[in-house]
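Undergrad: got a predicted structure plus its sequence, pasted below:
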Amino acid sequence: MSKTALILVDIQNDYFASGTWPVALMDKVAENSAKLLARARDTGMTVIHIRHETAPGAPFFQPGSEGAEIHDSVAPNIGETVVTKHRPNSFHQTGLLDMLRRDGIETLILCGAQSQMCIDATTRAAVDHGFKVVLPHDACGAKEATFGDVTVPPEMVQAAFMAPLAMSYAKVATTTEVLLLI
């Protein structure tokens, strides 16, 4: 895949079991993301880490906190770009779009969390900006969601978001399948 960038979205400490806002299967998400990161580094692919900081009072990703730091399993190497965002869409009020266009990037491999928030928002925005998107679904993590009296388990949230993204926005595949493309 020429002109491709790997973008790791919000793989931050607060999303792990010891954090303040744990996401289901985050250890597996990080493991698969680390595989993608290793391959990207080996091939010289552009790598961009996205980290989210929230407003004061939010239950996670507080600025300056350990929870807002990128998890050690996918820690940036010297020279890799780290973009800080404050909204689910990684393009919103960040320099991400300009960086990708400057480097002639055409395809994005997105991984991280949460599937129903930042992965969804960033995927849709990327396609709106003209990029092709590849989503390794097992390197993306969803959190349970509650609406009214209904709590939806994380695996159902994951399916409910990956299905429409696969239909209209991205090539959704396994990490193993994506590694074969890199």
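TA: Good, I have the coordinates.
Undergrad: please make it C-alpha for all contacts and neighbour counts, starting now.
TA: Fine.
Undergrad: so which elements touch the longest helix anywhere in the chain?
TA: What stands out as the longest helix in the chain, according to DSSP state H, is helix 26-43. For helix 26-43, the packing partners by 3 or more C-alpha pairs under 8 Å, 6 or more residues apart in numbering; DSSP states H and E come out as strand 4-9, strand 46-52, strand 107-113, strand 140-141, helix 175-181.
Undergrad: beta-bridge partners for the residue lying closest to Cys140 once chain neighbours are set aside, please?
TA: In this structure, Cys140 finds its nearest non-sequential neighbour in Gly112, 4.6 Å apart by C-alpha to C-alpha, 6 or more residues apart in numbering. The partner list for Gly112 in beta bridges (DSSP bridges) reads Val9, Cys140.
Undergrad: wait, isn't Gly112 in contact with His137?
TA: No - counting by C-alpha atoms under 8 Å, Gly112 stays clear of His137, with 9.3 Å between them.
Undergrad: more neighbours: which of those two?
TA: Gly112 (29 against 24; other C-alpha atoms under 10 Å).
Undergrad: which residues are in contact with the more buried one?
TA: Residues near Gly112 by C-alpha atoms under 8 Å, 6 or more residues apart in numbering: 8-11, 29-30, 33, 119, 139-141.
Undergrad: only the buried residues of the longest helix of the chain, if you could.
TA: 26-27, 29-37, 39-40 (16 or more other C-alpha atoms under 10 Å).
Undergrad: with pLDDT and distance to His92 as extra columns, can I get those residues in a markdown table?
TA: Shown next, in a markdown table, are the buried residues of helix 26-43 (pLDDT from 0 to 100; distance: C-alpha to C-alpha, whole Å):
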| residue | pLDDT | distance to His92 |
| --- | --- | --- |
| Met26 | 98 | 25 |
| Asp27 | 98 | 27 |
| Val29 | 98 | 24 |
| Ala30 | 98 | 24 |
| Glu31 | 98 | 27 |
| Asn32 | 98 | 26 |
| Ser33 | 98 | 23 |
| Ala34 | 98 | 25 |
| Lys35 | 98 | 27 |
| Leu36 | 98 | 25 |
| Leu37 | 98 | 24 |
| Arg39 | 97 | 28 |
| Ala40 | 97 | 25 |
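Undergrad: turn the residues you listed into a markdown table, columns for distance to Gly19.
TA: Converted to a markdown table, those look like this (distance: C-alpha to C-alpha, whole Å):
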| residue | distance to Gly19 |
| --- | --- |
| Met26 | 11 |
| Asp27 | 12 |
| Val29 | 15 |
| Ala30 | 14 |
| Glu31 | 17 |
| Asn32 | 19 |
| Ser33 | 19 |
| Ala34 | 19 |
| Lys35 | 23 |
| Leu36 | 23 |
| Leu37 | 23 |
| Arg39 | 28 |
| Ala40 | 27 |
